[in-house]
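In: sequence unknown, structure follows:
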């Protein structure tokens, strides 16, 4: 098995972690490849970007945070590989272990001692008079928003062909279970278990107080368009936005592909929630 190494080069401690990981992999004669920016952290050279690395490796060992895993997926060029995350900083929702446990991470990766959680992905398409344009797949969420304007937008949403409502809000978030702990949660949405088979639609600052988050089946086809002549913006996993013209609509549906995300055998999602959200029970 060839392991691909990708690190968040802007994080303090990433160079030291990459050096420690490569030293240990060399000591064990384990085959690995470095992404080019990651290689530069430790004075090595590589001509592999994330797409080439993903094409040539069997598993990606991503060192950084949840955002680093999102970037690795989006830059993989469609070559989706299992991702094992080592967090640099506090525990993330998508990473397995902290940087101080890198030896345990290497043990698990080389021995195959991890579980793979199949994380849902959303296919995103903009449809309009000129045809259909597929965008990137979303692991976390798709946000349709007003952009930089300080003004509510009107968004019509439908689920499986049935009109839902017209939201007057700053925007709408459609989140997967993985993304339900990100922007949707900050906007008041619920947390979904990774294998719940659901999506959540969460309005951002709705003008009507009765507009609340809605949990729907992940088999649903969601269509959102702007009302009137307002141009809005479609943002996938926090990446640069795509303009959505008034004559266009964005269509969201479950991708047949999933991201195999590594998890420790002795870990579970409720435990991650307790740690990340600092749940400790009653304070009384």
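Out: Received, thanks. Computed from a predicted structure; not experimentally measured. Residues are numbered from 1 along each chain as shown.
In: correct me, but residue 98 touches residue 86?
Out: Yes. Between residue 98 and residue 86 there is a contact at 7.3 Å, judged by C-beta atoms under 8 Å. From N, CA and C alone the C-beta is placed, and that goes for glycine too.
In: which of the two has more neighbours?
Out: Neighbour totals were compared for residue 98 and residue 86, and residue 86 leads with 26 against 16 (other C-beta atoms under 10 Å).
In: can you count the residues close to the residue nearest to the more buried one when sequence neighbours are not counted?
Out: Nearest residue to residue 86 in three dimensions, chain neighbours excluded: residue 63, at 4.7 Å (C-beta to C-beta, 6 or more residues apart in numbering). Neighbourhood size, residue 63 [other C-beta under 10 Å]: 27.
In: can you give me phi and psi for residue 63?
Out: phi -110, psi 120 (degrees, to the nearest 10).
In: list the contacts of it.
Out: 5-8, 14, 17-18, 21, 38, 85-86, 88, 99 (C-beta atoms under 8 Å, 6 or more residues apart in numbering).
In: quick check, nearest of those residues to residue 274?
Out: Distance to residue 274 across these (C-beta to C-beta) is lowest for residue 85, with 18.6 Å.
In: secondary structure element for that closest one?
Out: Element membership of residue 85 [criterion: DSSP states H and E] is strand 83-87.
In: chain center to that strand, what's the gap?
Out: Relative to the centre of its chain, strand 83-87 is centred 13 Å away, using C-alpha atoms, centre = their mean, to the nearest Å.
In: next SSE after that strand?
Out: Strand 83-87 is succeeded, C-terminally, by strand 97-98 (DSSP H and E).
In: still on that earlier bit, now for the strand holding residue 85, which elements pack on it?
Out: Applying 3 or more C-beta pairs under 8 Å, 6 or more residues apart in numbering; DSSP states H and E, we find strand 83-87 packed against strand 59-64, helix 66-74, strand 97-98, helix 102-111, strand 249-263.
In: pick the most buried one from these.
Out: strand 59-64 (a mean of 26; mean count of other C-beta atoms under 10 Å).
In: tell me what angle it forms with strand 83-87.
Out: Counting by axes from the mean of the first three to the mean of the last three C-alpha atoms, to 10 degrees, strand 59-64 points 20 degrees away from the direction of strand 83-87.
In: going forward, count from 17.
Out: Taking 17 as the first residue, the last one we looked at is strand 75-80.
In: so strand 75-80 versus helix 82-90, what angle?
Out: Using the same axes, to 10 degrees: strand 75-80 against helix 82-90 is 140 degrees.
In: quick one: strands adjacent to strand 75-80?
Out: Using DSSP bridges, strand 75-80 pairs in its sheet with strand 19-23 (parallel), strand 99-103 (parallel).
In: so what touches the first one?
Out: The reference is to strand 19-23. So strand 19-23 is contacted by 30, 33-34, 37-38, 41, 46-51, 53-54, 57, 64, 66, 69-70, 72-80, 84, 88, 97, 104, 125 (C-beta under 8 Å, 6+ apart).
In: okay, now the unreliable bits of the stretch 17-166 of the chain?
Out: For the stretch 17-166 of the chain, the stretches with pLDDT under 70 are 106-107.
In: packing partners of the top helix by length along the chain?
Out: Longest helix in the chain by number of residues, with DSSP state H as the criterion: helix 30-43. On a contact count with 3+ C-beta pairs under 8 Å, 6+ apart, helix 30-43 meets strand 19-23, strand 48-50, helix 52-57, strand 75-80, helix 118-127.
In: what sits up against stretch 261-275?
Out: Contacts of stretch 261-275 (C-beta under 8 Å, 6+ apart): 89, 96, 99, 134-145, 153-155, 158, 160, 190, 215, 234-242, 244-247, 250, 260.
In: the same query, at a cut-off of 7 Å, please.
Out: The contact list for stretch 261-275 (C-beta atoms under 7 Å, 6 or more residues apart in numbering) reads 89, 96, 99, 134-145, 153, 155, 158, 160, 190, 234-235, 237-242, 244-247, 250, 260.
In: average pLDDT across that stretch?
Out: Mean per-residue pLDDT for stretch 261-275: 96.
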